[in-house]
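*Asks:* Model the structure of this input:
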Amino acid sequence: MWQAIKSVLAAFLGVQKDERRREDFRSERPGTFIVAGVIVGLLFVLLVAFVAVMAAR
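*Replies:* Numbering: from 1, shown residues only. A predicted model of the protein is given here:
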């Protein structure tokens, strides 16, 4: 799971190497990457909302 999270974070930032991306797509468990992507996406949205609320104070 940790490798999937690292890969998703790299993809979110746009710094993932092509070789690593190809390896991820050859993975037999795409559900792990889907779950990791949803978790990272939700954490990002929560972080942005937190920063917006704190800035509005």
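*Asks:* And the helices in this protein?
*Replies:* Applying DSSP state H to the chain gives helices spanning 2-13, 18-25, 30-56.
*Asks:* Going by neighbour count, list what's buried in the last one.
*Replies:* So the one you mean is helix 30-56. For helix 30-56, burial by neighbour count (16 or more other C-beta atoms under 10 Å) applies to T32, F33, A36, G37, V40. All C-beta spots, glycine's among them, are computed from the backbone N, C-alpha and C.
*Asks:* just stretch 23-31 next, same as before
*Replies:* D24.
*Asks:* Endpoints of that stretch, how far apart?
*Replies:* Start-to-end span of stretch 23-31 (C-alpha to C-alpha, to the nearest Å) is 15 Å.
*Asks:* Please look at S7 and K17 and confirm they touch.
*Replies:* No: the criterion here is C-beta atoms under 8 Å, and S7 misses it with K17 at 10.1 Å.
*Asks:* which phi and psi does S27 have?
*Replies:* Dihedral pair for S27: phi -60, psi 140, per degrees, to the nearest 10.
*Asks:* Tell me the pLDDT of it.
*Replies:* With respect to pLDDT, S27 scores 79.
*Asks:* That one and F33 touch, don't they?
*Replies:* Yes: using C-beta under 8 Å, S27 is in contact with F33, at 7.0 Å.
*Asks:* Now list whatever residues contact both of the two.
*Replies:* Here S27 and F33 have no joint contacts, going by C-beta atoms under 8 Å, 6 or more residues apart in numbering.
*Asks:* got a list of what V35 touches?
*Replies:* A4.
*Asks:* Relative to R29, how far out is it?
*Replies:* 10 Å (C-beta to C-beta, to the nearest Å).
*Asks:* now K6
*Replies:* 15 Å.
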